[in-house]
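Q: Next come a sequence and a model predicted from it.
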Amino acid sequence: MGGGQNLSAGITLAFHSYKGGTGKTTVITNLAANLAMMGKRVCLLDFDLYAPSLTTYFQKNPETYLNSFLAGEAEISEVLVDLSPELKLNGKLLIGFSSPKKEDIHEIEIDHDMKWQYKALKRVIAAKKELFSKYKIDYLLIDTSPGIRYWAINALAIADVLFLMMKLNEMDIAGTKKMIDEIYETLTKFGSEYFVILNKVPGALPIHEIHNNKQIITEIENQIGIKIIESIPCFCEIQFNKHEFLTTIKKPNHAFSERVRSIAEKITEMEYNAQGE
Amino acid sequence: MLRVNRVKEVEVFPGSSMLVKGEIPPSSLLLIGPSGVGKTIFCKHFIFNGFLANELCIYVNTSEVPEEIEYSMNSFGLNIKPYEEKNMIRIIDGCSWKSGKESSSEYAVDSKQDYLTAICIKIQKAQQNLKIRRFVFDSISEIAAFCEPQSLLNTLQRLTTTIRLDGGKAIFTVAAGAHDEHFMNLLRLTFDGIIEMKFDETNYETKRLLRIFSLKGVMHKTSWTPFEITDKGITIKPDSQLRCALCSKQIDWEPIYATIEGKKIPFDSLECVNTYKKFKNIYGQNFE
């Protein structure tokens, strides 16, 4: 897996999907924790501004949200919350939460003109540089809104590597194909790379056998014209858990954790490839 | 909930983040400039920045007694008292002996010995049981008046080599125009880098300028950069107000120009060029 143009000190990774419910947030939070467990310095930003969920996932009510940062009312340093000590991680896990309050979501969605949005976007780009230069992070992970929405596209455009999460159903496959043609291909012209992660793949019992099912993966790869870098089975105990919380830390031997670890390893290889280029 | 404190970047010396790209390796720098241009305050900033980076320092000063050093640093907002109390600085007082007054420093130069030897003895004493990261010798010109040039050069060569091999950073000052060319050429060869300061008096206005003439092992700007001495000490004035069209960051190094829709646009990095092109491609003309 190539690293693309690794022009920052680290790599920015955006997680996106055509439809909601693909498991983006579960995968990105576990992946962020896994990379930090490996000793990496990681920052996870919740750019799912229209339906934020990291406050619920991490059970946090921070004083300052990304929304204030976008509005120019706070610096990025005021937004970041360091979860590494309480999670006992070897590396660093900094999180920027976005506000789940109805009025804040409404404000982002409706209240501002394009001039405001561009200004906010430039603040994000400057903050990204600050995260790599001052906070010395290795990876910036961005959770995005599903579909083709303003802040989802912005997050994709500022990322070096895009991970497109997809479920195995026709609607998701067709929508993903459309997004690849209309958005992703444009971004790759200017250095971005993207990969597909299949999630919630059915028929996962016995769980280890799913990965021998290369035929399905090859068929989908041919259909969407892009390599699938990981296929994560559907685990009822994760999907229907009232509050799944960092399975990768709590149950490191779980098959889901193994899959997350596999993605994390591919990301770290990406770094080494980029350095060797 | 733990919050991340903002990381304050500490410059190695005033303007180093703007003038040097990357980390400055262990090295000894020769600071050359005329009297009154700001060499001593530059050194004091270098020492104080060392404190902020938790680095211990030896300060050889031949023209000020410790009380004067403390007073002058305080007047520029560099309060060294707490660091003195933590024993982070050892001042080698090379001045008090000239007046015959007793020094408050335990590393004061003994008037019974020759000046250079006396200073070397005190440096050795100050280095004991201390992992020195910063070293300032201000100034070579004062010592040169009391000893043979060759023995001074030999001593400086030993000192600079030891400091570099121990992983430290040092600044030695010398007055411009106070020595012959032969001595200055040999002196320049002794150091890993040279910083020059000068006055510019064009247009009836006196400006101070500095440049990094050379610095081994790291990329650096070599152009003259203006600086001011204010009540906050030395302030380096950037010579460029150009900002990146995407991230709005001031462009300290050479801008990268990209021609987009017929316009020549400055950027801070290739990454910004590519990201700008992505947005232009997505949002079209509306994106500015």
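A: On my side now, so go ahead.
Q: Poorly predicted segments of chain A, please.
A: Residue ranges of chain A with pLDDT under 70: A:1-9, A:203-213, A:271-277.
Q: what residues does it put near chain B?
A: Counting by CB under 8 Å from any CB of the partner chain, chain A comes close to chain B at A:5, A:7-8, A:60, A:62, A:75, A:77, A:80-83, A:85-86, A:94, A:114, A:118, A:121-122, A:125-126, A:129, A:134-135, A:153-154, A:157-158, A:183, A:186-187, A:189-192. C-beta here means a position set from N, CA and C on the backbone, and glycine is covered the same way.
Q: Mind doing that once more with 6 Å?
A: A:7, A:77, A:80-82, A:85, A:122, A:125-126, A:134, A:153, A:157-158, A:186-187, A:190-191 (CB under 6 Å from any CB of the partner chain).
Q: Can you say which of those residues are buried?
A: By the neighbour-count criterion of 16 or more other CB atoms under 10 Å in any protein chain shown, the residues of chain A next to chain B include these buried positions: A:7, A:77, A:80-82, A:122, A:125-126, A:153, A:157-158, A:186-187, A:190-191.
Q: top strand in chain A by residue count?
A: In chain A, assigned by DSSP state E, the strand with the most residues is strand A:193-201.
Q: Filter the buried ones among the residues of chain A next to chain B down to just the ones in strands.
A: Using DSSP E, those in strands are A:81-82.
Q: before we move on, back to that, direction included, what does the longest strand of chain A pair up with?
A: Looking at strand A:193-201 with DSSP bridges, its partner strands are strand A:161-166 (parallel), strand A:228-233 (parallel).
Q: what's the next secondary structure element after the last one?
A: Which is strand A:228-233. helix A:236-239 (DSSP states H and E).
Q: what helices or strands is the helix or strand that comes right after that following helix leaning on?
A: Moving toward the C-terminus from helix A:236-239, the next helix or strand (DSSP H and E) is helix A:247-250. Counting contacts by 3 or more CB pairs under 6 Å, 6 or more residues apart in numbering or on different chains; DSSP states H and E, helix A:247-250 is packed against helix A:24-37, helix A:255-276.
Q: most packed of the ones you listed?
A: helix A:24-37 (a mean of 25; mean count of other CB atoms under 10 Å in any protein chain shown).
Q: now that one against strand A:161-166, angle please.
A: Per axes from the mean of the first three to the mean of the last three CA atoms, to 10 degrees, the angle that helix A:24-37 makes with strand A:161-166 is 140 degrees.
Q: Can you pull out the residues in contact with helix A:24-37?
A: Residues from elsewhere that reach helix A:24-37 (CB atoms under 6 Å, 6 or more residues apart in numbering or on different chains): A:15, A:17, A:42, A:44, A:53, A:57, A:89, A:91, A:93, A:139, A:141, A:143, A:165, A:244, A:246, A:248-249, A:260-261, A:263-264.
Q: Report the backbone C-alpha coordinates of that helix in PDB.
A: The C-alpha trace of helix A:24-37 is given here as PDB (Å, rounded to 0.1, in the frame of the first residue of the first chain):
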ATOM      1  CA  LYS A  24     -17.500   4.500  10.600                       C
ATOM      2  CA  THR A  25     -17.400   5.800  14.100                       C
ATOM      3  CA  THR A  26     -16.900   2.400  15.700                       C
ATOM      4  CA  VAL A  27     -14.000   1.600  13.400                       C
ATOM      5  CA  ILE A  28     -12.400   5.100  13.600                       C
ATOM      6  CA  THR A  29     -12.500   5.300  17.400                       C
ATOM      7  CA  ASN A  30     -11.100   1.800  17.700                       C
ATOM      8  CA  LEU A  31      -8.500   2.500  15.100                       C
ATOM      9  CA  ALA A  32      -7.400   5.700  16.800                       C
ATOM     10  CA  ALA A  33      -7.100   3.900  20.100                       C
ATOM     11  CA  ASN A  34      -5.200   1.100  18.500                       C
ATOM     12  CA  LEU A  35      -2.700   3.400  16.900                       C
ATOM     13  CA  ALA A  36      -2.200   5.200  20.200                       C
ATOM     14  CA  MET A  37      -1.800   1.800  21.900                       C
END
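Q: Quick one, which of the helices and strands packed on helix A:247-250 gets closest to B:Tyr71.
A: Proximity to B:Tyr71 (CB to CB) singles out helix A:24-37 among those, at 48.2 Å.
Q: three-state assignment of B:Glu196?
A: strand (DSSP: H, G, I helix; E, B strand; the rest coil).
Q: Tell me how many other residues crowd it.
A: Neighbour count of B:Glu196, defined by other CB atoms under 10 Å in any protein chain shown: 18.
Q: where does it land on pLDDT?
A: With respect to pLDDT, B:Glu196 scores 97.
Q: Could you do the one 4 residues further on as well?
A: Note for B:Asp200: predicted pLDDT of 86.
Q: Apart from its neighbours in sequence, what residue is nearest A:Lys129?
A: B:Cys247 (6.1 Å; CB to CB, 6 or more residues apart in numbering or on different chains).
Q: Would you confirm that the one you found contacts A:Lys128?
A: No: between B:Cys247 and A:Lys128 there is no contact under CB atoms under 6 Å: 8.1 Å.
Q: so who does residue 221 touch?
A: By default, I'm working from chain A. A:Glu221 is in contact with A:Ile228, counting by CB under 6 Å, 6+ apart.
Q: Let me rephrase: I mean chain B.
A: Taking CB under 6 Å, 6+ apart, one finds B:Leu19 in contact with B:Lys221.
Q: my guess is B:Ile265 meets B:Arg243, correct?
A: No: contact criterion CB under 6 Å: B:Ile265 and B:Arg243 do not qualify, at 11.0 Å.
Q: Name the residue in these two with the higher neighbour count.
A: Comparing B:Ile265 with B:Arg243 by other CB under 10 Å, the one with more neighbours is B:Ile265, at 18 against 15.
Q: tell me the helices in chain B, going along the chain?
A: Using DSSP state H, the helices assigned to chain B run over residues B:16-19, B:39-52, B:66-75, B:81-85, B:96-99, B:115-127, B:140-144, B:149-165, B:181-190, B:270-283.
Q: could I have stretch A:154-170 exported to PDB, CA atoms only?
A: Taking only C-alpha atoms (Å, rounded to 0.1, in the frame of the first residue of the first chain), the coordinates of stretch A:154-170 have been written out as PDB:
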ATOM      1  CA  ASN A 154     -13.900  19.500   3.000                       C
ATOM      2  CA  ALA A 155     -12.600  16.700   5.300                       C
ATOM      3  CA  LEU A 156     -11.900  14.500   2.300                       C
ATOM      4  CA  ALA A 157     -10.100  17.300   0.500                       C
ATOM      5  CA  ILE A 158      -7.700  18.100   3.300                       C
ATOM      6  CA  ALA A 159      -6.900  14.400   3.900                       C
ATOM      7  CA  ASP A 160      -4.000  12.500   2.300                       C
ATOM      8  CA  VAL A 161      -5.700   9.100   2.500                       C
ATOM      9  CA  LEU A 162      -9.400   8.400   2.300                       C
ATOM     10  CA  PHE A 163     -11.100   5.300   3.700                       C
ATOM     11  CA  LEU A 164     -14.500   4.600   2.200                       C
ATOM     12  CA  MET A 165     -16.600   2.400   4.500                       C
ATOM     13  CA  MET A 166     -19.100   0.200   2.800                       C
ATOM     14  CA  LYS A 167     -21.600  -2.500   3.700                       C
ATOM     15  CA  LEU A 168     -22.400  -5.400   1.400                       C
ATOM     16  CA  ASN A 169     -25.700  -4.200   0.000                       C
ATOM     17  CA  GLU A 170     -26.600  -3.000  -3.500                       C
END
